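Visitor: what's the 3D shape of this:
(4 chains)
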There are 2 protein chains.
Amino acid sequence: MTTSSAAPQTAGARERILAAAVDRIASDGIDDVRIARIATDAGVSPPLVHYHFETREALLAEALEYSFELAGDVRIGEGQGAASHTERLAAMVDQCLPYEGDEQRDWILWVELWLRAVRHPELRPTASRLYVRMRKWFAGAIAAGVRDGEFRTAEPDRLADRVLALLDGYGVRALIGDIDVDHARDEIWALLAGELGLDGEPPRRA
Amino acid sequence: MTTSSAAPQTAGARERILAAAVDRIASDGIDDVRIARIATDAGVSPPLVHYHFETREALLAEALEYSFELAGDVRIGEGQGAASHTERLAAMVDQCLPYEGDEQRDWILWVELWLRAVRHPELRPTASRLYVRMRKWFAGAIAAGVRDGEFRTAEPDRLADRVLALLDGYGVRALIGDIDVDHARDEIWALLAGELGLDGEPPRRA
DNA sequence: AGGTTTCTTGAACCGCCGTTCAGGTTTGGC
DNA sequence: GCCAAACCTGAACGGCGGTTCAAGAAACCT
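Guide: Next up is the predicted model:
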């Protein structure tokens, strides 16, 4: 589970609106998001949306940032209970691919962010922050595995960036159905295993 | 040069409208495209747009497809005059990265297509076609280099897919300014050079 | 309890923009 | 030259949807 479904009725209205906005962006796409619909989802009236947010544009921008703060936190926390560095890595790769469900939802948000960040530079830090965090996680996991002798010596930062690029590249291709998600996973793992000197078999997915 | 600027006045109105639509999508984003503006750019009246295209939605969809047919053709034709397989490969990689200008323009269209293809499956074949062509080009170039003894033996199809993934992954990151385009190029070339057994130095960019 | 601030709403407004309509002009066939 | 089809336009329409307004509840302080 990552960021799905709106905030509970008990939460403040502002937060409920944000959550509803995120859901609508993911399911309808930013350009088809209607603030009346967000209001309904959040269980409030349309004017209240404008009480809490200056304008539609501002709401959507904040909603995007909001969702990625959450998504980043959740992902970073994943795979903690794994037995080996190899398993932790594999679990994270799985988390970052557009399987059905929450992962796919997050992927759609991710692509929306890409597109908007091109034209709205103020959104770029949001994307950069997530890249930095993911990169740090992967680099750390790789370095830890090297330290414990589980992986062959590697350049953690460089390899981390390469994995991120492969995740984005294969991921988006899987998202639009041009390749299978499992195939994407195998390819990414193949490179990772090669660089880290693991025996080729990719760990099973939960 | 790839697909930029609208069709000349001499071209049929329908084609001018399509070209103007592509330009507007690239510069304003699909959701901010106004058909009145497209009409102005194409030098026609708004109703004429509806004479040639059933609806706004239909026009934009066709415009996207139109642009990628062109982009694919142009890219495939690049690097023909190169002296070596290595240079041809390097030239194509450059063609496919979001440098300023036309490449960046095409990249924005590309991301727009990704996003819409998620929710509009009828657009997926357009994306797939381009992937197939690019993959075929890279696989062919690699296989040719191997045949002529310029590259170490490799799996052309698999490596081609990996390069495409890296291009998309590093490319989108460069597009939103999180890394430098030249850095993206160096990283992609590093992997390519490693797989093909080339000496590390990446060919210069024109 | 009284007053002040915060939160919330129903109703209405209004600008934008895709689309339509009714008619003009050009093209092409014979 | 004539007719029909294709092409094109100015003007207007219609409604969707973001936003505003004036006023009512709730919370909070003293």
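Visitor: quick check: longest helix of chain A.
Guide: Under DSSP state H, the helix in chain A containing the largest number of residues is helix A:124-147.
Visitor: what separates it from the chain centre, distance-wise?
Guide: Remark: helix A:124-147 is offset 13 Å from the chain centroid, using Cα atoms, centre = their mean, to the nearest Å.
Visitor: and A:D31, how many neighbours?
Guide: Using other Cβ atoms under 10 Å in any protein chain shown, A:D31 has 15 neighbouring residues. From N, CA and C alone the C-beta is placed, and that goes for glycine too.
Visitor: before we move on, back to that, check which helices and strands the longest helix of chain A is in contact with.
Guide: helix A:56-77, helix A:85-95, helix A:102-119, helix A:156-175 (3 or more Cβ pairs under 8 Å, 6 or more residues apart in numbering or on different chains; DSSP states H and E).
Visitor: Compute the inter-axis angle for it and helix B:156-175.
Guide: Angle, helix A:124-147 to helix B:156-175, by axes from the mean of the first three to the mean of the last three Cα atoms, to 10 degrees: 130 degrees.
Visitor: circling back to that earlier point, for the helices and strands packed on helix A:124-147, state which one has the densest average packing.
Guide: The highest mean neighbour count among these, using mean count of other Cβ atoms under 10 Å in any protein chain shown, belongs to helix A:156-175: a mean of 23.
Visitor: which element follows it toward the C-terminus?
Guide: helix A:181-196 (DSSP states H and E).
Visitor: Can I get that following helix in CSV, CA atoms only?
Guide: Listed in CSV are the C-alpha atoms of helix A:181-196, where the atom choice follows Å, rounded to 0.1, in the frame of the first residue of the first chain:
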residue,chain,number,x,y,z
VAL,A,181,6.1,-5.9,-16.3
ASP,A,182,7.8,-9.2,-15.4
HIS,A,183,10.0,-8.9,-18.4
ALA,A,184,11.0,-5.5,-17.3
ARG,A,185,11.8,-6.9,-13.9
ASP,A,186,13.9,-9.7,-15.3
GLU,A,187,15.9,-7.3,-17.5
ILE,A,188,16.6,-4.9,-14.7
TRP,A,189,17.6,-7.7,-12.4
ALA,A,190,19.8,-9.2,-15.0
LEU,A,191,21.9,-6.0,-15.2
LEU,A,192,21.9,-5.6,-11.4
ALA,A,193,23.0,-9.2,-11.0
GLY,A,194,25.7,-8.9,-13.5
GLU,A,195,27.1,-5.8,-11.9
LEU,A,196,27.0,-7.2,-8.5
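Visitor: Could you list the buried residues of that helix?
Guide: A:V181, A:A184, A:R185, A:E187, A:I188, A:W189, A:A190, A:L191, A:L192, A:A193, A:E195, A:L196 (16 or more other Cβ atoms under 10 Å in any protein chain shown).
Visitor: How about stretch A:132-141?
Guide: By 16+ other Cβ under 10 Å, the buried positions in stretch A:132-141 come out as A:R133, A:M134, A:R135, A:W137, A:F138, A:A139, A:A141.
Visitor: Do me a favour and average the pLDDT over it.
Guide: Averaged over stretch A:132-141, pLDDT sits at 95.
Visitor: Which of the residues in the helix or strand where A:I25 lies are classified as buried?
Guide: Using DSSP H and E, the element containing A:I25 is helix A:13-28. Buried residues in helix A:13-28, defined by neighbour count with 16+ other Cβ under 10 Å: A:13-14, A:16-26.
Visitor: rewinding a little: among the helices and strands packed on helix A:124-147, which is nearest DNA strand C?
Guide: DNA strand C lies closest to helix A:56-77 among the helices and strands packed on helix A:124-147, at 12.9 Å (Cβ to the nearest atom of the strand).
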